[in-house]
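*Asks:* here's my sequence, what's the structure:
(chains A, B, C and D)
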Number of protein chains: 2
Amino acid sequence: MKKSDRTKQRLLEAATAEFAAYGFAGARVDRIAQAADANKQAIYAYFESKESLFEAVYDEMVTRLIAAVQMDAGNLPGYAASLADYYAGHPEVLRIASWYELEKAGQSPRPAASERATQSKIAGIAAAQKAGTITDRFRPEHLLELILGMTRSSVYESAAPAKASASRKALVEAIERLVRP
Amino acid sequence: MKKSDRTKQRLLEAATAEFAAYGFAGARVDRIAQAADANKQAIYAYFESKESLFEAVYDEMVTRLIAAVQMDAGNLPGYAASLADYYAGHPEVLRIASWYELEKAGQSPRPAASERATQSKIAGIAAAQKAGTITDRFRPEHLLELILGMTRSSVYESAAPAKASASRKALVEAIERLVRP
DNA sequence: TCGATAAAAATAACCAGTTGGTTAGTTTAT
DNA sequence: ATAAACTAACCAACTGGTTATTTTTATCGA
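*Replies:* Numbering: from 1, shown residues only, chains lettered A, B, ... in the order given. Below you'll find the predicted structure:
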């Protein structure tokens, strides 16, 4: 790996932490450079602006999330559990996603990869409904919406590990109840 | 009503819109004053700082929400429906709540009124569980967490009114399934 | 009812510190 | 030798917050 690539990587990591902590408006370019042990100018050399640095951070985050947590429509409680675990293990993900929704959604179009992943999940749910594995009393996009909503909320405030595991169990049972045919 | 009180009221309204749109870090004091058709100095006369202006906005929002939407543990689907309607009718509420969670939670203690309202909801759920009206397979705080999570997510992106009503129906049925004994 | 007066409220100019972003020059690696 | 990478000083625009001054409003004695 070239040295410049390593600097770029460090910048991306520092930017992720900074944006997760302060959001786009609250993030400081100088602070990112300092945390990455790099010069501010490097940010503008590798990324074009604060704006597109944020987009790079967001895109990478989405890509990793999609790769790490796949949905099996035949086991939605399990999907929610893995997603919750991923969120718990990567606390910056939910924060950056929230910041993005508040500060950026509506301006820039969502990453294509994210859009595709959502459509594929909806199709998977529809297929499972047709197969009778899960209830067909909800439209697929509503089901997905409800599952993601519960998963988010069950992770958000879990600080103590004991509480987190109890919360995760409740999440799994809630989704079992939700999708039962 | 005195004129100064009216100015204060206009500032509070303008600040609510500004903070909802841009969050605390992104909000601009000058813009709030301009939108309220007032002088910037008025903000510092009536509220102490940008920080405490935000807290005033948040506190008022919480107070109104608590007053407008009460929970009946015997009818949790109905509660979620009213809450969803309130969110839909007051789009700034969910946004400001999200900003607050990201930017402020952990620094300042949550408003006492909010804390009390949550405890009372948990107690109500526990009582309904004891009475056998709703399932006792979840701890009350988890049930509340899951209900609020689904409600949030079912409102968040509802733009078209037709979609909103379908989303609301799904929410109600989901909670019926969740709480059924 | 009027007019003097003091208190309250509104105004605009101002300030020091910070912001994202740039530039010109120096070091390092190939 | 030369291009890539790094550095630090710099900049104009903007930030939350303050101050001194003027305008408006309320009070009250005659």
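
*Asks:* pull out the buried positions in stretch A:44-57.
*Replies:* Within stretch A:44-57, the residues scored as buried using 16 or more other C-beta atoms under 10 Å in any protein chain shown are A:46, A:47, A:50, A:53, A:54, A:55, A:56, A:57. Using the backbone N, CA and C atoms, a C-beta is placed for each residue, glycine as well.

*Asks:* which ones among these map onto helices?
*Replies:* Within the buried residues of stretch A:44-57, membership in helices is found for A:46, A:50, A:53, A:54, A:55, A:56, A:57, as judged by DSSP state H.

*Asks:* and which of these is nearest residue B:97?
*Replies:* If you rank those by distance to residue B:97 using C-beta to C-beta, residue A:54 comes first, at 22.6 Å.

*Asks:* list the contacts for the closest one?
*Replies:* Contact analysis of residue A:54 by C-beta atoms under 8 Å, 6 or more residues apart in numbering or on different chains lists A:15, A:19, A:24, A:27, A:104.

*Asks:* could you measure it against residue B:105, distance?
*Replies:* In this structure, residue A:54 lies at 22 Å from residue B:105, with C-beta to C-beta, to the nearest Å as the measure.

*Asks:* next one: residue A:14
*Replies:* 23 Å.

*Asks:* and for residue A:9?
*Replies:* Taking C-beta to C-beta as the criterion, residue A:9 is separated from residue B:105 by 31 Å.

*Asks:* could you list the low-pLDDT ranges of chain A?
*Replies:* Under the criterion of pLDDT under 70, the regions of chain A flagged as low confidence span A:1-4, A:157-159.

*Asks:* now do 80
*Replies:* Within chain A, the stretches with pLDDT under 80 are A:1-4, A:156-160.

*Asks:* up against DNA strand C, what does chain A have?
*Replies:* Proximity of chain A to DNA strand C is confined to A:3, A:27, A:28, A:29, A:30, A:40, A:41, A:44, A:49, A:50, A:51 under the rule C-beta under 7 Å from any atom of the strand.

*Asks:* between those residues, which is nearest chain B?
*Replies:* When the residues of chain A next to DNA strand C are ranked by distance to chain B (C-beta to the nearest C-beta), residue A:27 comes first, at 8.6 Å.

*Asks:* make sure the closest one is actually in contact with residue A:18.
*Replies:* Yes: because the distance of 4.7 Å satisfies C-beta atoms under 8 Å, residue A:27 is recorded as touching residue A:18.

*Asks:* more neighbours, these two?
*Replies:* In terms of neighbours (other C-beta atoms under 10 Å in any protein chain shown), residue A:18 is the more surrounded of residue A:27 and residue A:18; the figures are 25 against 21.

*Asks:* that one belongs to a helix, doesn't it?
*Replies:* Yes: counting by DSSP: H, G, I helix; E, B strand; the rest coil, residue A:18 is located in a helix.

*Asks:* what's the closest of the buried residues of stretch A:44-57 to DNA strand D?
*Replies:* The closest of these to DNA strand D turns out to be residue A:46 (C-beta to the nearest atom of the strand; 7.9 Å).

*Asks:* hmm, back to that, turn the buried residues of stretch A:44-57 into TSV, columns for distance to residue B:161.
*Replies:* Shown next, in TSV, are the buried residues of stretch A:44-57 (distance: C-beta to C-beta, whole Å):
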residue	distance to residue B:161
A:46	45
A:47	40
A:50	37
A:53	37
A:54	32
A:55	32
A:56	36
A:57	35
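
*Asks:* in the host helix or strand of residue A:15, what counts as buried?
*Replies:* Per DSSP states H and E, residue A:15 falls inside helix A:3-26. Residues of helix A:3-26 classed as buried under the neighbour-count rule (16+ other C-beta under 10 Å) are A:7-8, A:10-12, A:14-26.

*Asks:* one more: stretch A:85-104?
*Replies:* Under the neighbour-count rule (16+ other C-beta under 10 Å), stretch A:85-104 has A:86-88, A:90, A:92-100, A:102-104 buried.
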